[in-house]
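Chemist: model the following, please.
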Amino acid sequence: MARKTLGKYRQREIRTVGLMIALYEKHHPETDDSAQYKDLFNYAIRRLERCHFGEDKPACKHCPIHCYQPARREAIKAIMRWSGPRMLLRHPILAIRHLIDDHRPVPDYPQKETSPKASTGRATALGSQPIEPTDTDLTLK
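Modeler: Residues are numbered from 1 along each chain as shown. The predicted structure is shown next:
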């Protein structure tokens, strides 16, 4: 399956997350399940590709949409909490850019496009034409 073309910001975020996961995995050999880290990295990529905000996305911890599953969110938070300070020594430019990106403003929630049927007004029981109120509907008998 071909990956979506991502902008520079999300590509850099994928690279940063990948380096953080690799650093954590390297220094935590008690967990021999490297497939777990690979799965978490692939999950993070999918979340970034499908982000509702696109290139305007805020830092995930400030995002109003929690798209990560709770268990995976806790796992990535633990990895970032451990790897973040160490990234300053190993990848200082990426770490500083990540810290700067952490202060990006949170954009308004993107609205879903409404279907034409939803905006046509009141519909009839058969769903064909909208019913417009008439003067006779408003008079009391």
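Chemist: need the contact partners of the helix or strand where Ala44 lies.
Modeler: Per DSSP states H and E, Ala44 falls inside helix 34-49. Residues outside helix 34-49 that contact it (Cβ atoms under 8 Å, 6 or more residues apart in numbering): 3-4, 6, 10, 13-14, 17-18, 21-22, 24-25, 57, 60, 67-68, 72, 75-76, 79. The way it works is simple: take the backbone N, C-alpha and C, and place the C-beta from them, glycine included.
Chemist: buried ones from these, can you make that a PyMOL selection?
Modeler: Here is the PyMOL selection string for the buried members of the contacts of helix 34-49, based on 16 or more other Cβ atoms under 10 Å:
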select buried, resi 6+10+13+14+17+21+24+25+57+60+68+75+76+79
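Chemist: picking up where we left off before, helix or strand right after the helix holding Ala44?
Modeler: Downstream of helix 34-49, the first helix or strand assigned by DSSP H and E is helix 70-90.
Chemist: report all helices and strands that that next one contacts.
Modeler: On a contact count with 3 or more Cβ pairs under 8 Å, 6 or more residues apart in numbering; DSSP states H and E, helix 70-90 meets helix 8-27, helix 34-49, helix 92-101.
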